[in-house]
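J.: What follows is a predicted protein model with its sequence.
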Amino acid sequence: VKCINELVERQSGRDEEVFAEWNQQMDKDRRGEVERYMTESQFDLDGESMSLDNLDSYLEKLYEDEMEEKIKATFMILQLVRDPDNLEVLVENEQFLGALTRIFREEAKKSMDLVINIVYIFFAFSNFSTFHQHMTQYKVGDMVMRVVELELKRDAHRKEELEKKKADMDAGELETQMKKMRITEKKQDKLLFVCIRVLLNLAEDISIERKMKKRKITPILVQMLERKSPELVLLAVAFLKKLSIFLENKNEMIQCGVTGQLLKHIPAASTDNVIMGVLRLMLNLSFDTEIRTRLVQEGVITKLVDLMKKPHFRHVCLKLLYHISMDDKCKSMFTYTDCIPIVINMVANFPEKQVEKTLIALAINLSNNPRNAGIMAQGETLNTLLSRLFQTKDVLLAKMLRNISQHDGEIKRKFGEFVSDIAALACQADDPNLLVELLGILGNMTLSDVPFAKILTDYDMINFLHKHLEPGASEDDIVLELVIFIGTCIQDPKCAPIFANSHLVAALYDLMADKQEDDEIVLQITYTLFRCLQHECTRVILLEQTQVVSYFVDLLYDKNAEIRKMADQTLDLVMEFDEEWATQIRLRKFQIYNAEWIQAMEREDVGGKDSFYRGRMAIEDDIEEDDIGYGDGGGYGGGKGHLMSDLGKAGDQQDALFVDDEDDDFGYDD
């Protein structure tokens, strides 16, 4: 319950507040870096107090030959920049920035302490956008980039040299060298940290950021993720997140192997701030399919599921898992984690009326996988979810249940117990989106033991169907689901007389003409009428009271291949039951499939149309059904509610026809 309440808080705007607090904390830390550095630095000023009046003397010391004097002078200036009120006075001094940048450029390779002091001075100015123009004028960004590149080369060289000498050292010498290395790395991390801070601040200007990209800032930042300093790692992550909004930067991160580097910090990072920063960067990158694939290959799902158990990280983890769940090949990987039980438990016990969107979106995507759906329907879970649906009428919860209901076996049998309740709710539904999902569930109930005839009678669903099938009465999505539902009901022979006495069969024929531009609706109506033709009472209505056969013949010319196949199957069925229609259909099929030959004969026929038709009728008399070479009288179905790609295979069990719902993968925040 505590975890769910935490999610509710995030739903009501708490999530944005947490991110805002995180950013504010980073900003506070940024402005306090100078103070922290001053506190950590053990520099003896001999009791000398700092004053702007002494600025000229500090600048003069920068030109001393002794390095200690230069370091002392920069430390004194650093004391001055601690006060933001002094910054404007300092930047207006004609010699100040010129002297600092000259010393920085010439002495950067000689003393790390000197460089750190000067970069911290630049950092104090970079915190304010007002001074960025002055820093750009003196090429501060370029010099700082050179320092970063130099330090990374030094670090690589030191490690290489130590590796070469390691074999010749005893344990004591090796420990001493490693200790020196750790001290140097710690000091270097401090320098790299403040350098990246300066660059990040200057990158507020997109033109400056572009220049940094050309200087390979992205590979440098990815390399920073290997450092041991949590502050430096967090800063590198924040900078990468800023860069990740541009396609070229994202592609460069992929080339640098950023996914592997990020996953090393989950959950091994020493601070929650680093983990949160890494998760937010991964969330930005996860919109890319290739990056999602790499993350999955490197085991991100298990890590995120473990982190999801911690309330602080739950909402970001849910968003990441949602992005991953959009890929069909990744859905099955959730089966072997604790994700599905956790998510379904949170959905079933969510305290608000509407389940939080990210949470239910993840559940919707996962429910498309048969194994995942099986886990979701285990035990009493399905009963709990359906009870919640009846109480809350949550549209997205209904969509998830519809996805679960499409899978065969025990799942459908469990749904079968609730068909009457779902039908009752559908008849009362005011929300068209909810009605679509409820009808979708009913349409998926292709079980032979569902008492559809009783349901149609008890809930007066015939009037309900008439009401929504009237021209212009309902949206196309509702019409489509109604047609599918009728096609499912008509499998029950007891339903055929009900439909025959209700004029619904003729209404379907009229609807086909009205929706002739919508291929999906036409295909479903064709299949439903195919089902109706299998029952004598509905077949009589179609063949004697409508022109449905002529319409199906016209559909043989349709541009949609599936419609043509379904129309052909339906005409074959008509031929089985009505010999008079069979003769006309065979002739028409002959004309269609031999159109080119007939046209050629017409062009060559010098005797006129009469002789041609006499010849054609003579041909027709000799034609047997098997000679036409089309239609094997095969069954239709085998897909348990889905349209099969091969409609002409003989012996297949005839089953309900459905078209895959393109909205099964919920498109939230995509």
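T.: That came through fine. None of these values were measured; they are calculated from a predicted model.
J.: Going by C-alpha atoms from here, please, whenever you check contacts or count neighbours.
T.: OK.
J.: Distance from stretch 559-566 to the middle of the chain?
T.: 33 Å (C-alpha atoms, centre = their mean, to the nearest Å).
J.: what do you get for stretch 511-529?
T.: Centroid separation between stretch 511-529 and its chain, computed with C-alpha atoms, centre = their mean, is 32 Å.
J.: Show the average pLDDT along it.
T.: The average of the pLDDT scores along stretch 511-529 is 90.
J.: Now do the buried residues in that stretch.
T.: By 16 or more other C-alpha atoms under 10 Å, the buried positions in stretch 511-529 come out as 511-512, 515, 519-529.
J.: cool, stretch 584-594 as well?
T.: Quick answer for stretch 584-594 (16+ other C-alpha under 10 Å): I585, R586, L587, K589, F590.
J.: sorry, back to before: now distance to R402 too, for the buried residues of stretch 511-529, in TSV please.
T.: Below are the buried residues of stretch 511-529 laid out as TSV (distance: C-alpha to C-alpha, whole Å):
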residue	distance to R402
L511	25
M512	26
K515	25
D519	23
E520	19
I521	19
V522	23
L523	21
Q524	18
I525	21
T526	23
Y527	21
T528	21
L529	24
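J.: picking up where we left off before, just send the buried residues of stretch 584-594 back as a markdown table, with pLDDT too.
T.: Below are the buried residues of stretch 584-594 laid out as a markdown table (pLDDT from 0 to 100):
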| residue | pLDDT |
| --- | --- |
| I585 | 81 |
| R586 | 80 |
| L587 | 77 |
| K589 | 77 |
| F590 | 76 |
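J.: and of those, the nearest to N249?
T.: K589 (59.3 Å; C-alpha to C-alpha).
J.: Let me know the average pLDDT across stretch 382-394.
T.: 93.
J.: Same question for stretch 473-492.
T.: 91.
J.: ok, residues contacting it?
T.: Defining contact as C-alpha atoms under 8 Å, 6 or more residues apart in numbering, one finds that stretch 473-492 is touched by 432, 435-436, 439-440, 442-446, 448, 451-453, 465, 467-469, 495-496, 520-521, 524-525, 527-529, 531-532, 655-658.
J.: out of the residues you listed, which are buried?
T.: In these, the ones that pass as buried (16+ other C-alpha under 10 Å) are 435-436, 439-440, 442-446, 451-453, 465, 469, 495-496, 520-521, 524-525, 527-529, 531-532, 655-658.
J.: For the residue sitting nearest the centre point of the chain, which three-state class applies?
T.: When C-alpha atoms, centre = their mean is applied to the chain, the residue found nearest the centroid is H323 (3.1 Å). Here H323 is recorded as helix under DSSP: H, G, I helix; E, B strand; the rest coil.
J.: among the helices and strands of the protein, which has the poorest mean pLDDT?
T.: Least confident helix or strand of the chain, by mean pLDDT, DSSP states H and E, is helix 625-628 with a mean of 39.
J.: what about the stretch 501-650 of the chain, any weak spots by pLDDT?
T.: Along the stretch 501-650 of the chain, segments meeting pLDDT under 70 span 595, 605-650.
J.: Ramachandran angles for Q534?
T.: phi -80, psi -10 (degrees, to the nearest 10).
J.: Find the nearest non-adjacent residue to it, please.
T.: In this structure, Q534 finds its nearest non-sequential neighbour in L573, 7.9 Å apart by C-alpha to C-alpha, 6 or more residues apart in numbering.
J.: now swap in N560 and tell me
T.: Per C-alpha to C-alpha, 6+ apart, closest to N560 is D519, 7.4 Å.
J.: Thought K559 was touching that neighbour, still the case?
T.: No - in this structure, D519 is not within contact of K559 by C-alpha atoms under 8 Å, at 9.5 Å.
J.: Now the common contact residues for the two.
T.: Applying C-alpha under 8 Å, 6+ apart, one finds that no residue jointly contacts D519 and K559.
J.: Buried residues, the helix or strand A600 falls within. List them.
T.: Assessed by DSSP states H and E, A600 sits inside helix 595-604. By 16+ other C-alpha under 10 Å, the buried positions in helix 595-604 come out as I598, E602.
J.: Could you tell me which of the buried residues of stretch 584-594 belong to helices?
T.: I585, R586, L587, K589, F590 (DSSP state H).
J.: Widest-spaced pair of the residues you listed?
T.: Using C-alpha to C-alpha, the pair of those lying farthest apart is I585 and F590, separated by 8.4 Å.
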